[in-house]
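Colleague: Quick one, what's the 3D model for this:
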Amino acid sequence: MTFPCDIPIKILGRNDPAFRESALAIVRAHWPDLPAQSIAEKRSREGAYLSLTVTVHAESRAQADAVYRELTAHDQVLIVL
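Modeller: Have a look, this model is predicted:
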């Protein structure tokens with residue numbers, strides 16, 4: 001990857017408002033001006049899980065790595081891609 005660049009971050013968790021709020025709060029801590037159109041949501045077929053795809057503009061590898069570390073450490077986040 002060549003930075004700066006846009007990176008889609010896919011975050012998977014249980015379909016629970018607390019998961020959504022927590023995951024987006026982590027991302028917004030790194031990108032406070034994240035526009036709403038940069039967030040896509042998709043529920044699983046049965047509705048038990050929620051996938052958030054957040055496209056961010058990363059200035060550096062360190063910035064991208066920091067948000068990944070924080071997301072994967074959160075107990076409500078199951079997978080980060």
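
Colleague: Once you drop chain neighbours, what's closest to H57?
Modeller: D6 (5.4 Å; CB to CB, 6 or more residues apart in numbering). Any C-beta I mention is one placed from the backbone N, CA and C, and that applies to glycine too.

Colleague: Report the buried residues of the host helix or strand of the one you found.
Modeller: Here D6 is covered by strand 5-14, with elements defined by DSSP states H and E. Buried residues in strand 5-14, counted by 16 or more other CB atoms under 10 Å: 7, 9, 11-13.

Colleague: From the chain's centroid, how far away is that strand?
Modeller: 4 Å (CA atoms, centre = their mean, to the nearest Å).

Colleague: Would you mind listing the outside residues contacting that strand?
Modeller: The contact list for strand 5-14 (CB atoms under 8 Å, 6 or more residues apart in numbering) reads 1, 19-20, 23, 27, 48-58, 64, 67-68, 71, 76-81.

Colleague: Enumerate every residue touching Y68.
Modeller: Y68 makes contacts with 9, 80, as judged by CB under 8 Å, 6+ apart.

Colleague: Out of the contacts of strand 5-14, name the ones that lie in strands.
Modeller: Judged by DSSP state E, strands contain the following of the contacts of strand 5-14: 49-58, 77-80.

Colleague: hey, what's R43 bridged with?
Modeller: L50 (DSSP bridges).

Colleague: Quick check: pLDDT value at it.
Modeller: Predicted confidence (pLDDT) for R43: 97.

Colleague: Spit out the contact partners of it.
Modeller: By CB under 8 Å, 6+ apart, the contact set of R43 is 15, 49-51.

Colleague: Next one: the closest residue in space to A23 that isn't next to it in sequence relative to I39, how far apart?
Modeller: Excluding the flanking residues, the one nearest A23 by CB to CB, 6+ apart is I11, at 4.8 Å. Noted for I11: a distance of 10 Å to I39, by CB to CB, to the nearest Å.
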